[in-house]
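> give me a 3D structure for the following:
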Amino acid sequence: MTSAPNRYQPAAQPPRRGGGSAMRALVGVIGAIIIGMFVVNWLTEEAQPAGPSRPQAPGEYQNENYQVPPIDTNPPELPMPETYGEATQWMVDNAIYQSEIAVPVFCEAQPINLSSASLGALQDHMNELTACLMRVFGPAVEEAGHIPVRPSVTIYSQPVQTRCGTMPAMNAAYCAADQQVYYAADLPRIVPSQLQATPYVVESVIAHEFAHALQGRTGILISEAAWEQQSSESDANAFSRRLEVQADCWSGQFINSVGQSVGLGENDVQNLSLLFFSIGDDQLTGDPNIEGNHGRGDSRRGWFLEGTQTTSMGACNTFTAPDAEVR
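Coordinates of the predicted model:
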């Protein structure tokens, strides 16, 4: 790692997002301190088929006794390491890596038809989704001695001012300054057309944003930002890639955990992995050798699929992975 003073004062974290073009907006998709992805302008009130009901027999689903906390818009401050040594430890040997997530977990947020939901229904759905995310990850975070926070999801159709700055069109983001999630309603325009009908495409993105919230609550997010700001551009990009593909991996764990209850099949999971492939740095730029700050398509897809195949949060410890696996 780049040498640095023993103590640091983290700089204010600016939003990471795309620029004016659809391609640049997609580059901001699934970013670090704040990250982008897509919502809907294709929604109606058409009735949806009922999803699976909660089983009567005890024991089929896990974490049923977990008390999901309410949305917290005034959360405690994110933990901050006191030294660069501590920041390194929090990234590579965090207590969260010893935790396991439960499978299967029941999720009430059944897939919705993005061509028929109102914006209000979408916001309700996304905030219901955070309850599912808490039921999956909350017990593991608490077991590791950290404080989980359930963020709100704000849907916006006009650029909105936040503590991380202005959230633009075609963007979705986790804002570390207020620990909430923001989601632009016009982002579906940049979703690959062949994937738009895949159930839980949007939800897998929100799960990625929630994973950044997990990184924030466990100290990983600020620790990575501290090292990134002290590093060369090449090393900073490498740190950022490790942060991003870890969030991809934890998103995959969420999909695996709730997949049974929301009716996701293997083909759906493969399609979701193709979404993560499509937003790789190389896929967006056309440069197969790029060393970007989010990860190449094969790396992002691989880490998402890794998450779908394991319950160990430590299996998503990208900070100790070989460089070739976080390109």
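> next, the contact list for the nearest residue to Asp281 once chain neighbours are set aside, please.
Of all residues not flanking Asp281 in the chain, Gly292 sits nearest, at 3.0 Å (C-beta to C-beta, 6 or more residues apart in numbering). The C-beta positions use only the backbone N, C-alpha and C, and glycine is treated the same way. If a contact means C-beta atoms under 8 Å, 6 or more residues apart in numbering, then Gly292 has Asn237, Arg241, Asp281, Asp282, Thr285 as its contacts.
> pull the most distant pair out of those.
Arg241 and Thr285 (14.2 Å; C-beta to C-beta).
> now do the longest helix along the chain, average pLDDT.
For the chain, the helix with the greatest residue count under DSSP state H is helix 233-262. For helix 233-262, mean pLDDT is 97.
> element containing the residue nearest to Asp281, please.
Using DSSP states H and E, Gly292 falls within no helix or strand.
> quick one: buried residues of the longest helix of the chain?
Neighbour-count burial for helix 233-262 flags 236-262 (criterion: 16 or more other C-beta atoms under 10 Å).
> name the helices or strands packed onto it?
Applying 3 or more C-beta pairs under 8 Å, 6 or more residues apart in numbering; DSSP states H and E, one finds that helix 233-262 makes contact with helix 119-143, helix 201-217, helix 220-229, helix 266-278, helix 297-308.
> redo those helices as TSV? Include mean pLDDT.
As requested, those are exported to TSV (pLDDT from 0 to 100):
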stretch	mean pLDDT
helix 119-143	94
helix 201-217	94
helix 220-229	96
helix 266-278	95
helix 297-308	97
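> out of those helices, deepest packed?
Ranked by mean neighbour count under mean count of other C-beta atoms under 10 Å, the helices and strands packed on helix 233-262 are led by helix 201-217, which reaches a mean of 27.
> ok, the residue nearest the centre of the chain to Gln67 distance?
Most central in the chain under C-alpha atoms, centre = their mean is His208, positioned 1.3 Å from the mean C-alpha point. Per C-beta to C-beta, to the nearest Å, His208 is found 25 Å from Gln67.
> what do you get for Thr88?
On the measure of C-beta to C-beta, Thr88 and Gln67 end up 34 Å apart.
> give me the more crowded residue out of those two.
A direct count of neighbours by other C-beta atoms under 10 Å for Thr88 and Gln67 places Thr88 higher, at 16 against 7.
> good, we can wrap up now.
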